[in-house]
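Engineer: sequence-free structure coming up:
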């Protein structure tokens, strides 16, 4: 794999998925991994290596990763490319193109989504900083334990040097709901969200997600990854896809075979 400089990478990959972004690789490098960015068959790809395990998550579609598996160690990828022995079934994410005008974005909302937004748009939304982020992380950890999921976590976010956007709704010093977005090039990822019963009642997340789309668009973001869409959680799936986001197949996660 031919190495690329940071400036070369940014030119070739202006709006990468989070796991293919330079900020993501740099954060993991601060946590002890090795991040390599280069050309594989003239296609830019980032490879993360830790203790002999190479990870290639969300590379460009249909790239041949087989050359990586010819080296010592194990190569794992999440990809639609051929030559992968699936270990985990394919995942699907909702990706929202926020490059159109705000009027066009609003028109593309599902009618029910737009109707609920009209009634929640008066919600007082603020941008948050470190104290709000820590509160959100604490609540997300507790929520994750209860619901059986796990996010990237505090260590990763402490190592993150890229841009971020934190929005929250608070009253009398108490956080009712919050969202965290990581910005990587001309793309952003909806990473963490939490809401209280009151935040749910006033549909704070709907108002915050709409506000985030406008703010991120103003910062040059053209696409927001809204995260996994799971048929087992139709409410959350409807919330994400109701924005007009498209469903994207990320492919399975599995072993890359040395074809």
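Structural biologist: Alright, I've got the coordinates. It should be emphasised that the depicted structure is a prediction, and the values quoted were computed from it without experimental measurement.
Engineer: okay, CA-based contacts and neighbour counts for the rest of this
Structural biologist: Fine.
Engineer: quick one: the strands in this structure?
Structural biologist: All strands of the chain, identified by DSSP state E, fall at 2-3, 34-40, 43-50, 53-57, 74-78, 84-97, 126-127, 163-171, 174-184, 187-195, 223-228, 246-256.
Engineer: buried ones in the third one?
Structural biologist: Think strand 43-50. Within strand 43-50, the residues that count as buried by 16 or more other C-alpha atoms under 10 Å are 44-49.
Engineer: please apply the same query to the longest one.
Structural biologist: For strand 84-97, a neighbour-count test (16+ other C-alpha under 10 Å) marks 84, 86, 91-97 as buried.
Engineer: about what we covered before: between the buried residues of strand 43-50, which is closest to residue 22?
Structural biologist: residue 46 (8.1 Å; C-alpha to C-alpha).
Engineer: surely the closest one touches residue 40?
Structural biologist: No. With contact defined as C-alpha atoms under 8 Å, residue 46 does not reach residue 40; the gap is 9.6 Å.
Engineer: switch the strands of the chain over to TSV; also include mean pLDDT and distance to residue 216.
Structural biologist: Formatted as TSV, the strands of the chain follow (pLDDT from 0 to 100; distance: least, C-alpha to C-alpha, whole Å):
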stretch	mean pLDDT	distance to residue 216
strand 2-3	93	31
strand 34-40	96	26
strand 43-50	96	24
strand 53-57	95	24
strand 74-78	96	27
strand 84-97	95	11
strand 126-127	94	12
strand 163-171	96	8
strand 174-184	96	8
strand 187-195	95	8
strand 223-228	97	9
strand 246-256	96	18
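Engineer: can I get those strands in a markdown table including distance to residue 135?
Structural biologist: As requested, the strands of the chain are arranged in a markdown table below (distance: least, C-alpha to C-alpha, whole Å):
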| stretch | distance to residue 135 |
| --- | --- |
| strand 2-3 | 39 |
| strand 34-40 | 30 |
| strand 43-50 | 30 |
| strand 53-57 | 29 |
| strand 74-78 | 31 |
| strand 84-97 | 26 |
| strand 126-127 | 14 |
| strand 163-171 | 11 |
| strand 174-184 | 8 |
| strand 187-195 | 10 |
| strand 223-228 | 21 |
| strand 246-256 | 31 |
